[in-house]
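Q: take this sequence and fold it.
(chains A and B)
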Amino acid sequence: MSEEFILECKLDQPAILAGQSTDLYSLVTIRPNISKLGALLESAGDTVLPAHLIVVVDVSGSMATLIEADPNPKVVGHGRVDGQNVTYIDSKLPSRLMVAIKVVQRLMERMAPDDRMTLSAFDHEAYSLAVNLPAGPELRTAIQSLGTTGGGGTSMGKAFQVVSSVLGRTENSSHTRRIVVLTDGEDQEPALALSEAESLGAQFRIPIYAFGTGTSRGEFLMQICKTTLGGAFRDIADERQAEDCFSEFLTTQKNILATNVALQLWLSPEIFVRELYRTKPEILFVGDMQPDSNNTVQFAIEYMEKNKAYEFLFRCTVPAHAAGRFRLAKACLLYDLPTLGLVGQRVEANIAVEFTADADKALVRVGDVRKVIGQAEVQRQLLFLQQKRDALANGSATERDRTIVARLLDELIRRFDEHGDQASVNMYRNMKTEFLDKGLISQEMINRSLAASSKVEGTVAVQEIDDF
Amino acid sequence: MQPLEPHLVCCPHCGHASRDAEFCDACNCEIGELSSPQQAAPTQIDLGDGQVVDCSFLQQGWPDLEQSEPFEVTWQKPHRGRLHAFSPQHWASVREAVEERSRTQLRALPPIRIIPAEAGAVVLVEYCEGTNPLSELNSAASSAGTGPVLHEIQCRVQLYGQAMAELHGQGLVWLNFDPQAVEVVQGEARITNLDTVLFRRGECPSRLRVSPRYSPPEVCRFQGGRIGPASDVFHLAMYTYYAVAGLLPEGFSGRGLEAFGFRIPPLRIYVPHLPAGIWPVLARGLQSDPLLRQATIDEFLAELDAAIRAISPALWVDRSPPGSGKNRLISPRNRRRQNRWCPEIGQLTIAGAAKSALGAVNQDSVVVETVTHESRRWQVMIVADGVSVSRIGRGEIASQTACRGLLEFVQQAVATTPGPHDWASILEQACLQASQQILQVAQPELAGLRNVADNEVMSTTLVMGILDGNVLHLANVGDSRAYRISSNGIAEQLTVDGDVGTSMLAEGVPPEQVQELGVSAKSLRYCLGACSQEADGRLVCNPVRCRPTYSRWELGPDETVVLCTDGLVEEGVFLEPEELAASVTAGVSSTAQQLAERLVCEADHRQRVPSPNELGGFGDNISCVILRVTEARQTRMKPGTVKNETY
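A: So this is what the prediction gives:
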């Protein structure tokens, strides 16, 4: 049996009172086996896999907006962009597009000789600017051309179609491949974007990193990035954050250890299967699991990085049983380890609960799982809040919806207050004040809270030495 | 039969070959235990001096790792005790902790004796003479049916509190609090579920038995850094709550505190006649955030003691109104009124910014009147909130009809019946008559209409107060409320909402089930104008749904009572009770009328006028009556006072 990774399964409640049906949370943790991979985990250079960076940049008209508000703007004119009235100003602050060019440029500068980049842009059309190019003048020119491309609406799906076609033609299986998308507005064809992202996930198993700024919708970008479980969502508020996000994107890609990673869950047909979350390295609400006819569900993770734990939480309802152990699921991790020449490896672990007649024993709870449940639930509540926010914004909200929003915000304030997380308390208090004053919550506020909800408590973001 | 491949096992249940050696791939039955083989355990323990404890119960081997209950043992009579047995593997993992426990000598912890046995160990706790398990008292109280008196509860709470305080002095907490796990030895409580483990403040073990009835949020969430004496304050406050509510030993029905987010229902729902002052102490101890609770057990006990002393030296339990199935605490206090009392009353009702912007009328009604008969005077205060959704009639007509009818009934009652007046009965009859009057007013509109449902006729909520000296007689129907703001600035709701959620809680429905109803739980169950349909389709007054909840309150000189509609105070929407208390406290130098205006203004600021996003705006009618009672000899007239006469 493979031992490069440890697959650990824990239940929030290891024992259930016999004869009772219960909702259970299972936490599946994958971590590198230090005793087996020790040297590999510490080594650098020759163990780094070459990277293929697939960069997709929004070049719609709204990308000309400043990346953050200028307190002292000099107004030079007025006009209309994307059907909205705009004011043209002269400012020392860069536009979103200028920032995008800068961060992609910086990405190129950090590419190793065998790394490659594919660059696509989109407004309501897609533009293929570079295909599988190494760092160099040709790629530099392509990046600079972002500044003179587009200017229309926003249709991310069109760009994904171009990426699909490029990937279909490109053969570099030794490279790790991930997509990074930067967008600033509401997509005019969200269904197309989602279906194309799903197709990228299914066909090429490529994780998507979705970075939003401006009026982009965090909840939509989270849908985009969960087409494989290796994706991530970020909300960018200023130039510094944009640089950090792109830098982290490359750093983590160069940190990849295992490829073709998938988590397979066999779920007992006796249990009622509910929702799944990825809870590490970042929290992502995935949604209800849909087992196939073999009671199995498989999630593509695609890559695992060195020294990083991956964790998945799922909920199910276990029916009543007599005293004894009951296997509710079996987790199986599939992976390749290219640096060791290992292909098609698997690690398995059973997830079993004990039915007991001892009422006291059934009261035992496991701290590691309980802590994760609380964090994961916040994101689900925020996605629910987004639905209500949309109803408020389009005037379809009822009195009942407004009461629900007020109570939900109170609940979030209370939750973070109890955790002593003052920054989050302030964020939700501001949201509630805005809601009570205007009857609406801004999309920017929801985006910020969604991005915050994806961070795992106690984790430290990867930071490059040249960031200081 | 072909032999199995080496990596396959044969399932003893279905006979299929399975790759998985633990559970069968085909039938999912357990194939074999992965745990290590059972090791032999001792069948007797030598204590020295010729004393031997019979351990024949260990014949089958060491107990399970998670075994929680110790074995009851006796040896050389009269020696009795409990024995915890640890297998060699288990002992290796707990030895350090048990030895630390053995070294910790406190009055609250019985001394333990560790005896090595067969590479494992047993821990023996010997009972002292006269040991009395407190569990008997708790179960006896609950089985008595009428519930214990409050001072008895307080005695038990103090016993627990003393034990907890001693633990806290050593940096320990009673993390696995269980009120049954206590024995009383010479008047002191000793904890019986800390024989082999101790819990330090600021720490939480990775696995823990979490009590669904008692564990506070920080324990359920394993937030070690937040665990401390305040966690035990929560335990003790919860125990007190259950004891007063008559919910011992089971606590709330359902899945426990966590299932409903630790939003503990107001105690008054279970004990409608609970004297004022108790619930605020418990509510503070039951805060989700440990920093907001009383910091120490002593502080909690002192607050509880002060609250009990303030109401009466003795409180007895009586039967609740028929049909409620709950106990009530009543105060037999009949303090002689030595002073004359001077009420100061302010009142205001407005449509509110949102409704005004839509041109809607104010459906609330407020009445403040002095009723006199011979030499006696009573102050009558009524706040009614007409229900806005009705097919027959209108909310404002219902509330005005109710106010008029109630006032007339009271005037007539005091004029025709000699005192002392049975206000509970008068208010109940007044509400029934007002309800009938509302239906009568609706009759012309009902005539000729078919298929009118009973909830389509106009109705109103009500909170009504009759001030007699410094005694306030309260009646409420529906969700209009009365709050008492104490001299130390704490708001306590004196009324119980007559909505669906509250009624379900009082009937014993698990709080999480009520919470799942969401805003539907706020639907009115009781209101004036409530009717039901006869077999022939006629609508008649429903006397049950318009019956008020009556309570009687003796007011102190620095107290303020606020009667209001849900447009003034509604949690999460308009003013919070804490904000109400803060404003009342800040307005101590204002007149009652100025205070009423300020409160209404503050609530009005929470409303939103109609906008493109919110065509109907967001708001409600706002009404309140402010009542302060001062002793006449201390009273001076304040400008703007609506009524100011001595009684």
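
Q: going by C-alpha atoms from here, please, whenever you check contacts or count neighbours.
A: Fine.

Q: what's the local residue count around residue 399?
A: Answering for chain A, as no chain was given. 14 (other CA atoms under 10 Å in any protein chain shown).

Q: you looked at the wrong chain, it should be chain B
A: Using other CA under 10 Å, B:Ser399 has 30 neighbouring residues.

Q: what distance do you get for B:Ala21 to A:Glu3?
A: Distance from B:Ala21 to A:Glu3, counting by CA to CA, to the nearest Å: 18 Å.

Q: neighbour count winner among these two?
A: B:Ala21 (18 against 15).

Q: so that one sits against B:Pro12, correct?
A: No - contact criterion CA atoms under 8 Å: B:Ala21 and B:Pro12 do not qualify, at 11.3 Å.

Q: what residues are shared contacts of these two?
A: Each of B:Ile31 lies in contact with both B:Ala21 and B:Pro12 under the rule CA atoms under 8 Å, 6 or more residues apart in numbering or on different chains.

Q: quick one: strands adjacent to the host helix or strand of B:Ala121?
A: According to DSSP states H and E, B:Ala121 maps onto strand B:120-126. Using DSSP bridges, the strands paired with strand B:120-126 in its sheet are strand B:79-86 (antiparallel), strand B:113-117 (antiparallel).

Q: among these, which comes closest to A:Phe384?
A: strand B:79-86 (49.0 Å; CA to CA).

Q: run through who's touching the closest one.
A: B:62-63, B:65, B:69-74, B:120-127.

Q: what's the following helix or strand after it?
A: Next helix or strand after strand B:79-86 toward the C-terminus (DSSP H and E): helix B:88-103.

Q: so what pairs up with the closest residue to chain A within the stretch 101-250 of chain B in the strands?
A: Chain A sits closest to B:Arg209 of the stretch 101-250 of chain B, with a gap of 4.0 Å, by CA to the nearest CA. Taking DSSP bridges as the rule, B:Arg209 bridges to A:Val364.

Q: just confirm it contacts B:Leu175, I think it does.
A: No - applying CA under 8 Å as the test, B:Arg209 and B:Leu175 come out as separate, 9.1 Å apart.

Q: more neighbours: those two, which one.
A: Of the pair B:Arg209 and B:Leu175, B:Leu175 is the one with more neighbours under other CA under 10 Å, namely 28 against 21.

Q: so the more buried one touches B:Asp232, yeah?
A: Yes - under the criterion of CA under 8 Å, B:Leu175 makes contact with B:Asp232 at 7.3 Å.

Q: intersection of neighbour lists for those two?
A: Counting by CA under 8 Å, 6+ apart, nothing touches both B:Leu175 and B:Asp232.

Q: count the neighbours of the residue of chain A at minimum distance from chain B for me.
A: Nearest residue of chain A to chain B: A:Val364, at 4.0 Å (CA to the nearest CA). Residues within reach of A:Val364, counting by other CA under 10 Å, total 19.

Q: same check on B:Pro418?
A: 9.

Q: show me what the helix or strand harbouring B:Ala307 is packed against.
A: Taking DSSP H and E as the definition, one finds B:Ala307 inside helix B:297-311. Here helix B:297-311 touches helix B:150-169, helix B:229-245, helix B:278-285, going by 3 or more CA pairs under 8 Å, 6 or more residues apart in numbering or on different chains; DSSP states H and E.

Q: swap the cut-off to 6 Å and go again
A: Where contact means 3 or more CA pairs under 6 Å, 6 or more residues apart in numbering or on different chains; DSSP states H and E, helix B:297-311 is not packed against any helix or strand.

Q: how close does B:Thr630 sit to chain A?
A: For B:Thr630, the distance to chain A (CA to the nearest CA, to the nearest Å) stands at 37 Å.

Q: the helix or strand of chain A with the lowest mean pLDDT pairs with which strands, parallel or anti?
A: Of all helical and strand segments in chain A, the minimum by mean pLDDT, DSSP states H and E falls on strand A:84-90, at a mean of 78. Using DSSP bridges, the strands paired with strand A:84-90 in its sheet are strand A:74-81 (antiparallel).

Q: if we can go back for a sec, just the buried ones from the contacts of strand B:79-86?
A: Among the contacts of strand B:79-86, the ones that count as buried by 16 or more other CA atoms under 10 Å in any protein chain shown are B:62-63, B:70, B:73-74, B:120-127.

Q: so what's the residue of chain A closest to chain B up against?
A: Contacts for A:Val364 (CA atoms under 6 Å, 6 or more residues apart in numbering or on different chains) come out as B:Leu208, B:Arg209, B:Val210.

Q: repeat for B:Leu348
A: Per CA under 6 Å, 6+ apart, neighbours of B:Leu348: B:Ser623, B:Cys624.

Q: 10 Å instead, please
A: Taking CA atoms under 10 Å, 6 or more residues apart in numbering or on different chains, we find B:Leu348 in contact with B:365-367, B:383, B:564, B:593-600, B:622-626.
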